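S.K.: Quick one, what's the 3D model for this:
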Amino acid sequence: MSEPVHHLTREQARRLAVRAQLLDAARPGDVVEAAEQLGAIKIDPTATIAPSEQTILFSRIGWGYEPGQLTAAVERDRLLFEYDGHFRPVTLLPAHLARMRGRVFRAQATQWLEANARFRADVLARLRAEGPMLAAQIPDTSQVAHRNEAGWYGSNQVPRMLDLLSYVGEAAIVGREGRQRVWDLGERVYADVPVLGYDDAGAVLEEHRLQAAGIARQKSPWTPVGTAGALASVEGSAWRWRVDAAALDTLDDDPGGRVAILNPYDGMLFDRPRLKELFGFEFVLEQFKPKAQRRFGYFVHPILVGDRFAALLDAELDKKKENLVVTAVHELDPVDDVLRLDDEEREMVDAEIGDLAEWLGVPVVRAR
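M.R.: Okay, here's the model as predicted:
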């Protein structure tokens, strides 16, 4: 018997995506509620306005969010944990831990670990004896250096080793000192985590990815959801989609839209093909382009108005962190015959920029 197909309008598909990412008018109450729905909050040090983990939460919670709440949820209450560059809800830890323990590295990483077997043992022994600790407190006793063509690591091999050990659950991040990660032994940190089968864990994570996306392409490397949820079609799209069945049941309960300013590393923007297919928005992060080739700016923040991406904010804190300097608000070309921002929407966008500046504790300055 074939699976029934839910037929969605493009507006309904967008609404599912926006609501799933907590970007409609119904804001979450706190950090943990946001993380439970999103599943992952990206950590990145680039802070033209504020680090990604902070702006991602502000764009959901709004004025009720203070940066210290995230630290408390991770380090005091242990309701979130850090893994693979994201803060994640501890309710997903059993599934992630099962996948960590079953992880198989690619050939280059496997060969490097094999060549550094003694170094690996040294790092684990130091954590077992003296952890928690910073990477800088662990000696580099490596036998073979990692080939670092991408430039992500310095000459010290300890951070590279700790990252790889964290991917298989042998090391774990338990906090931060500033931007520096604090490490401990995985078997100590994860001692009381329930055991979950590898395949069962995969199914849990697929279900949660779909919950966080609302709607995803059935076979997407960007948002792998397997056969979670229900099969759907979207008006004007030839793709086969999976939708969160629970979200479908409340699709008509529409709290309305709002303006949201999104960090470039926001999860809403991660699945670029979906972004283009559903929203007609082709987002290009120009951070890694030469200055002369940038069209909109080094680290522009997309602006969502209701269910459409209507503008890009080019702004940054000045060097003294005393002003939010707005260089431009680039209005995007119309999508689906929708006009560019009208006067009321421009006022709403300006108000959101003002709220962002007040949250940062600085005034808005318009660049000339």
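
S.K.: Would you agree Val349 is in contact with Pro302?
M.R.: No: counting by CB atoms under 8 Å, Val349 stays clear of Pro302, with 11.7 Å between them. The C-beta positions use only the backbone N, C-alpha and C, and glycine is treated the same way.

S.K.: More neighbours: which of those two?
M.R.: Comparing Val349 with Pro302 by other CB atoms under 10 Å, the one with more neighbours is Pro302, at 24 against 20.

S.K.: Secondary structure element holding that one?
M.R.: Element membership of Pro302, judged by DSSP states H and E, is strand 301-305.

S.K.: Pairing partners for that strand, with directions?
M.R.: Using DSSP bridges, strand 301-305 pairs in its sheet with strand 259-261 (antiparallel), strand 308-317 (antiparallel).

S.K.: Just to check, Arg160 is in contact with Arg147?
M.R.: No: in this structure, Arg160 is not within contact of Arg147 by CB under 8 Å, at 10.5 Å.

S.K.: that older thread, so for Val349 and Pro302, which residues contact both of them?
M.R.: Ala311 (CB atoms under 8 Å, 6 or more residues apart in numbering).

S.K.: Where does pLDDT dip in the protein?
M.R.: For the chain, residues meeting the criterion pLDDT under 70 lie at 1, 148-153, 335-339, 368.

S.K.: residue ranges for the helices of the stretch 1-150 of the chain, please.
M.R.: All helices of the stretch 1-150 of the chain, identified by DSSP state H, counting those that start in this stretch, fall at 10-20, 31-38, 52-61, 67-71, 93-101, 107-115, 117-130.

S.K.: ok, and for the fourth one, which residues are buried?
M.R.: Using 16 or more other CB atoms under 10 Å as the test for burial, helix 67-71 gives Gln69, Leu70.

S.K.: cool, stretch 47-67 as well?
M.R.: 47-62, 65.

S.K.: do stretch 218-229 as well
M.R.: For stretch 218-229, by 16+ other CB under 10 Å, it's Ser220, Thr223, Val225, Gly226, Ala228, Gly229.

S.K.: pretty sure the second one is touching Ala216, no?
M.R.: Yes: contact status for Thr223 versus Ala216: in contact at 4.1 Å, counting by CB under 8 Å.

S.K.: Quickly list what's touching both of these two.
M.R.: Arg209, Leu210, Asp271, Arg274.

S.K.: circling back to that earlier point, adding distance to Thr71 and mean neighbour count as columns, could you present the strands paired with strand 301-305 in JSON lines?
M.R.: Shown next, in JSON lines, are the strands paired with strand 301-305 (distance: least, CB to CB, whole Å; neighbours: other CB atoms under 10 Å):
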{"stretch": "strand 259-261", "distance to Thr71": "23", "mean neighbour count": "22"}
{"stretch": "strand 308-317", "distance to Thr71": "20", "mean neighbour count": "22"}
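
S.K.: can you tell me which helix in this structure is longest?
M.R.: Longest helix in the chain, counting residues (DSSP state H): helix 343-360.

S.K.: which residues in the stretch 201-350 of the chain form helices?
M.R.: In the stretch 201-350 of the chain, the helices defined using DSSP H, counting those that start in this stretch lie at 245-249, 272-279, 343-360.

S.K.: Quick one, which of those gets closest to Gly131.
M.R.: Among these, the nearest to Gly131 by CB to CB is helix 343-360 (34.9 Å).

S.K.: report the angle between the axes of the closest one and helix 52-61?
M.R.: Calculated by axes from the mean of the first three to the mean of the last three CA atoms, to 10 degrees, helix 343-360 forms an angle of 130 degrees with helix 52-61.

S.K.: Please identify the buried residues of helix 343-360?
M.R.: Of the residues in helix 343-360, Glu345, Arg346, Met348, Val349, Glu352, Ile353, Leu356, Ala357, Trp359, Leu360 count as buried by neighbour count, 16+ other CB under 10 Å.

S.K.: now do stretch 154-161
M.R.: Going by neighbour count (16+ other CB under 10 Å), the buried part of stretch 154-161 is Gln157, Val158, Pro159, Arg160, Met161.

S.K.: Please name the residues that touch the last one.
M.R.: In this case it means Met161. Asn116, Phe119, Arg120, Val123, Ser142.

S.K.: OK, contacts around His96?
M.R.: Tyr83, Arg88, Ala201, Leu205.

S.K.: excluding its backbone neighbours, what's nearest Pro67?
M.R.: Gln54 (5.5 Å; CB to CB, 6 or more residues apart in numbering).

S.K.: wait, doesn't the one you found sit right on Leu70?
M.R.: Yes: using CB under 8 Å, Gln54 is in contact with Leu70, at 7.4 Å.

S.K.: okay, now Gly202: neighbour count?
M.R.: A total of 17 residues lie near Gly202 under the criterion other CB under 10 Å.

S.K.: nearest residue to it other than its sequence neighbours?
M.R.: Nearest residue to Gly202 in three dimensions, chain neighbours excluded: Arg99, at 6.8 Å (CB to CB, 6+ apart).

S.K.: separation between that neighbour and Arg294?
M.R.: For Arg99, the distance to Arg294 (CB to CB, to the nearest Å) stands at 38 Å.

S.K.: hang on, the earlier thing: out of the contacts of Met161, who's the most crowded?
M.R.: Neighbour tally across the contacts of Met161 (other CB under 10 Å): the maximum, 27 neighbours, falls on Val123.

S.K.: Secondary structure class of the residue lying closest to that one once chain neighbours are set aside, three-state.
M.R.: Spatial nearest neighbour of Val123, chain neighbours left out: Met161 (5.3 Å); criterion: CB to CB, 6+ apart. Classification of Met161 by DSSP: H, G, I helix; E, B strand; the rest coil places it in helix.
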